[in-house]
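J.: below: sequence and its predicted model.
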Amino acid sequence: MKIVALTGGGTAGHVMPAIAVGQSLRKRGFGVIYIGSRDMERDIAQRYGIKFFRTESAAFKRSLSPSNLKIPFVLARAKREAAQALESYNVCCVFAKGGYVSLPAALAARSMKIPVVNHESDLTMGLGNRIISRFAAKTLTSFPETPGGLCTGNPIREELYAGSAVRAREKYGFGEGKTVLIFGGSQGSEAINKCVREAIKGLTNLGEIIHITGKNAADPPRRKGYTAIPYADDIADLYAAAHTVVIRGGANSMSEAASLGKRIVVIPLPKSGSSRGDQVENAESYHSRGLCTLIEEKDLTPTELIRAVSKELDLDLRPVQKSDAADKIASVIAAVSI
């Protein structure tokens with residue numbers, strides 16, 4: 001059996017699409033392993049029955065930071081660790097999903113003459129993918145506007161299309177009226193959480209509110225029609241129950257919501273020391289195609305949030321358009337594998 005190594009991380013937005021590609025590869029008879037650097041990547045991979053190998057990694061700081069001086073030394077160790085995993089499993093191809101976590105395995109593969117296929121979810125490429133694209137056998141993208149690659153779309157896990165609104169209602173006890181699902185990415189968003197707390201009365205007057213706050217969020221308010229949870233391992237069911245979703249501008253969340261036909265309000269993470277502005281670019285692309293209502297964080301107020309949610313709740317759901325991106329990517333990987 002040929003083995004493909006999946007790699008990428010830093011956020012769930014890198015890991016989940018890689019898992020979707022792994023699912024398609026398994027259907028084709030490939031085995032998969034995962035090479036990452038954090039507990040989050042390990043936990044997700046193991047949840048899907050994928051053998052996990054840990055390497056060191058070092059994130060590039062956008063500000064002038066002494067920690068950037070350590071990157072070449074950390075990367076050299078991580079590359080050796082990744083090479084051991086690639087050699088142990090006689091890996092035929094590396095699929096790199098982006099983020100600094102993907103660099104060690106991709107660089108190790110290059111030195112071992114193992115083909116690399118990389119995929120960029122955002123409209124513009126991050127630093128890790130820009131480096132990998134210089135030697136990758138194939139570079140793939142989610143947005144047609146992204147230069148330098150073949151557009152496949154963003155891979156989405158199969159189980160997201162099999163969610164049950166009934167299960168969600170039974171588990172959380174909310175009614176059958178229109179439901180709004182709010183979440184700020186895998187780590188949560190304090191800006192969104194704060195605005196929801198201040199807008200809670202107006203939001204619950206519109207419909208049922210399901211709010212994934214993040215594990216470190218402040219205590220949520222208590223109000224009829226409002227359910228707050230720190231983390232959801234049943235996101236497919238929550239999507240199924242939702243009419244409108246309020247999300248950050250991560251390409252993964254946006255592509256999931258759009259593929260599932262949901263009405264969308266996007267509040268992208270602004271460009272800052274911790275963000276290159278990719279979420280703003282993603283959101284502007286979706287907004288230009290009429291796929292979402294866009295609120296920039298600087299304009300986020302309770303009144304604006306209530307207005308945007310109300311607008312989307314008044315519109316009909318879009319048809320579900322199941323993504324075939326994972327299958328397209330698996331085909332590319334199969335074609336270049338040694």
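T.: Sure thing, it's come through.

J.: quick one: low-confidence ranges for the chain?
T.: Residues of the chain that meet the criterion pLDDT under 70 lie in 58-70, 185-188, 273-274.

J.: and the residue nearest the centre of it?
T.: Centroid-nearest residue in the chain: residue 13, 1.9 Å away (criterion: CA atoms, centre = their mean).

J.: quick check: closest non-adjacent residue to it.
T.: Excluding the flanking residues, the one nearest residue 13 by CB to CB, 6 or more residues apart in numbering is residue 252, at 4.0 Å. For every residue, glycine as well, the C-beta is placed using N, CA and C.

J.: any idea how far that neighbour is from residue 323?
T.: Distance check for residue 252 against residue 323: by CB to CB, to the nearest Å, it reads 11 Å.

J.: shared neighbours of these two, anything?
T.: Listed as contacting both residue 252 and residue 323 by CB atoms under 8 Å, 6 or more residues apart in numbering are residue 154.

J.: for the closest residue to residue 142 other than its chain neighbours, give me its contacts.
T.: On the basis of CB to CB, 6+ apart, the spatially nearest residue to residue 142 that is not a chain neighbour turns out to be residue 154, at 4.1 Å. Counting by CB under 8 Å, 6+ apart, residue 154 makes contact with 17, 121, 142, 251, 252, 255, 323, 325.

J.: before we move on, back to that, hang on, isn't the residue nearest to the centre of the chain packed against residue 253?
T.: Yes. Using CB atoms under 8 Å, residue 13 is in contact with residue 253, at 7.1 Å.

J.: for residue 190, which non-adjacent residue is closest in space?
T.: Per CB to CB, 6+ apart, closest to residue 190 is residue 217, 7.3 Å.

J.: which SS class is the one you found?
T.: The local conformation at residue 217, judged by DSSP: H, G, I helix; E, B strand; the rest coil, is coil.

J.: so it versus residue 337, what's the distance?
T.: In terms of CB to CB, residue 217 sits 43 Å off from residue 337.

J.: same question for residue 194.
T.: 48 Å.

J.: do the same with residue 316
T.: 43 Å.

J.: which residue ranges form the helices in the stretch 151-300 of the chain?
T.: Remark: helices assigned in the stretch 151-300 of the chain by DSSP state H, counting those that start in this stretch are 165-172, 190-206, 235-241, 251-259, 278-288.

J.: most tightly surrounded among the ones you listed?
T.: helix 251-259 (a mean of 24; mean count of other CB atoms under 10 Å).

J.: between it and helix 278-288, how many degrees?
T.: 20 degrees (axes from the mean of the first three to the mean of the last three CA atoms, to 10 degrees).

J.: what comes into contact with helix 251-259?
T.: Residues contacting helix 251-259 (CB under 8 Å, 6+ apart): 12-14, 16-17, 121-123, 142-143, 153-154, 156, 160, 183, 185, 239, 245, 247, 264, 266, 278, 282-283, 286, 291-292, 318, 320-323.

J.: for stretch 17-31, same thing?
T.: Residues contacting stretch 17-31 (CB under 8 Å, 6+ apart): 1-4, 6-8, 32, 34, 44-45, 48, 50, 89, 95, 97, 119, 121, 154-158, 252, 325-327, 329-330, 333-334.

J.: need the buried ones from these selected in PyMOL.
T.: Buried subset of these, written as a PyMOL selection, criterion 16 or more other CB atoms under 10 Å:
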select buried, resi 2+3+4+6+7+8+32+34+44+45+48+50+89+95+97+119+121+154+155+156+157+252+325+326+327+329+330+333+334
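
J.: from the contacts of stretch 17-31, which ones fall inside strands?
T.: Within the contacts of stretch 17-31, residues falling in strands by DSSP state E are 3, 4, 6, 7, 32, 34, 95, 119.

J.: need these in CSV with distance to residue 311, can you?
T.: Conversion of the ones in strands among the contacts of stretch 17-31 to CSV gives the following (distance: CB to CB, whole Å):
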residue, distance to residue 311
3, 48
4, 43
6, 39
7, 40
32, 42
34, 40
95, 39
119, 33
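
J.: tell me the one of those residues nearest residue 137?
T.: Lowest distance from residue 137 to the ones in strands among the contacts of stretch 17-31 (CB to CB) belongs to residue 95, with 10.7 Å.

J.: pull the contacting residues for that closest one.
T.: Counted by CB under 8 Å, 6+ apart, residue 95 has contacts 4, 5, 6, 7, 18, 21, 116, 117, 118, 119, 329, 333.

J.: let's see it at 10 Å
T.: Residue 95 makes contacts with 4-8, 17-18, 21-22, 25, 32, 34, 102, 105-106, 115-119, 138, 140, 155, 329-330, 332-333, as judged by CB atoms under 10 Å, 6 or more residues apart in numbering.

J.: how near is it to residue 119?
T.: From residue 95 to residue 119 the distance is 7 Å (CB to CB).

J.: which residues do these two both contact?
T.: If you check residue 95 and residue 119 against CB under 10 Å, 6+ apart, the residues they both contact are 8, 17, 18, 21, 102, 138, 140, 155, 329, 332.
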